[in-house]
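[1] Quick one: sequence and predicted model below, then my questions.
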Amino acid sequence: MPRTLRTLRRSAAAGAVILAAVSLQPTAAAAAAPEPIVGGTRAAEGEFPFMVRLSMGCGGALYAKDIVLTAAHCVSGTGNDTSITATAGSVDLQSPNAVDVPSTKVLQAPGYDGRGKDWALIKLSKPLNLPTLKTATTTDYDKGTFTVAGWGATSENGDQQRYLRKATVPFVSDTKCEKAYGSDLTPSDEICAGDVAQGGVDSCQGDSGGPMFRKDDAGAWIQVGIVSWGQGCAEPGYPGVYSQVSTFAADIKAAAATL
Ligand code: ARG
C-alpha cells in the first residue's frame, strides 16, 4: 500500500482532507463503482438507531447515551472540544427528527500514531434518548458476516450521503488481509472484512469511525469493528480494515469512565 494513505490518514481530522487524500491514491482497479457505502442499500428508519454522523465527516456509534465511539484518525487529540456536532435520531441527516448535539470533550486512544489503536471517544453535551450499541469484549464474534453502515462515499471518489446506507461484509482472516497489506496491517489491533475475490462491497471515505457489527447469540447487535482504512474502496484483493473492538474493549471502558 502506498505510504501516502497512512500518512494522510494520520493527520486527517476533516472530511475534506480525507476526501482530498483519496483522490491522490492510485486506483489499482477502477472497479465498477456501485452503491454508497460501496455495494450497499439504504438503511430503514430506526434500523440502526445507535448510528451517529459527526460534523468532521466521520461516523460513530453511541457507546453511552452521551458518548460516541469513533476512530482516532477522525479527531485531532485529547481534551476539551466543543467544535464537533453529532447528528443522530434519523437515517436522514436533514430530517426534522434528527438531533444535533455539540461535543464537550474528545479522548483519542492513548499512544495513537496512525498504526492501529484507531479509536476515540467523544463526550456529548447532553445524553441522547437513543439506544446504545454494545461492544464486543471477547473475540467470540470476530468472525462470520458483519454489517457496516454510514453516510460516506458511494464509490472511491464519490459524494457523502444524506441518507444512511448499510452493507454486508464477510470476515477476512489476518493471514489473508496481510496478503493485501503486508506490514501495514497491525493484526492484534485490526480486523478485516470484505469480498476479497470480487470486491464491490466495502465501507469508504466518510464511513470512518462508524461501527461494523453483527448479531450476538442473544440476537442483539454487537460492535466488532470501527471503520479505519483500506486501499481505495471495494477493490478486489483489498478488504476494508477495521479497528478490532475486542482488543480495546477494556481500554475503551476505562476511558469512557473518565469522561
Ligand atoms: N479512512 C476512511 C475515512 O476516513 C475510511 C476508509 C475505509 N476504507 C475502506 N476501504 N473500507 O472515512
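    Noted; the coordinates are in hand.
[2] For burial, what's the neighbour tally of whatever residue of the stretch 101-250 of the chain ends up closest to the ligand?
    Distances between the stretch 101-250 of the chain and the ligand by C-beta to the nearest ligand atom are smallest at G230, namely 2.4 Å. Where you see a C-beta, it was placed from the backbone N, CA and C, and this is true even at glycine. G230: 24 surrounding residues under other C-beta atoms under 10 Å.
[3] list the contacts for the residue nearest to it when sequence neighbours are not counted?
    Distances taken as C-beta to C-beta, 6 or more residues apart in numbering put G240 closest to G230, at 4.5 Å, once the chain neighbours are dropped. Residues near G240 by C-beta atoms under 8 Å, 6 or more residues apart in numbering: V148, V169, C192, A193, G194, D202, S203, V227, S228, W229, G230, C233.
[4] do that again at 6 Å, thanks
    Residues near G240 by C-beta atoms under 6 Å, 6 or more residues apart in numbering: A193, G194, D202, S203, G230.
[5] Do a quick rundown of the helices in the protein.
    Ranges of helices in the chain, per DSSP state H, are 3-11, 15-23, 36-39, 174-181, 245-257.
[6] ok, how many other residues are close to G111?
    With other C-beta under 10 Å as criterion, G111 counts 9.
[7] List the residues that contact it.
    So G111 contacts K117 (C-beta under 6 Å, 6+ apart).
[8] before we move on, back to that, make JSON lines out of the contacts of G240 and add pLDDT.
    Shown next, in JSON lines, are those (pLDDT from 0 to 100):
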{"residue": "A193", "pLDDT": "98"}
{"residue": "G194", "pLDDT": "97"}
{"residue": "D202", "pLDDT": "95"}
{"residue": "S203", "pLDDT": "96"}
{"residue": "G230", "pLDDT": "96"}
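[9] R162: how many residues sit nearby?
    Neighbours of R162 (other C-beta under 10 Å): 12.
[10] what's near enough to touch the closest residue to Q205 other than its chain neighbours?
    Once flanking residues are discounted, Q205 sits nearest to A153: 4.7 Å by C-beta to C-beta, 6+ apart. A153 is in contact with C204, Q205, G206, counting by C-beta under 6 Å, 6+ apart.
[11] And the average pLDDT for stretch 43-61 is what?
    Regarding stretch 43-61, the rounded mean pLDDT is 97.
[12] pLDDT score for S155?
    89.
[13] residues near it, how many?
    For S155, the count of nearby residues is 21 (other C-beta under 10 Å).
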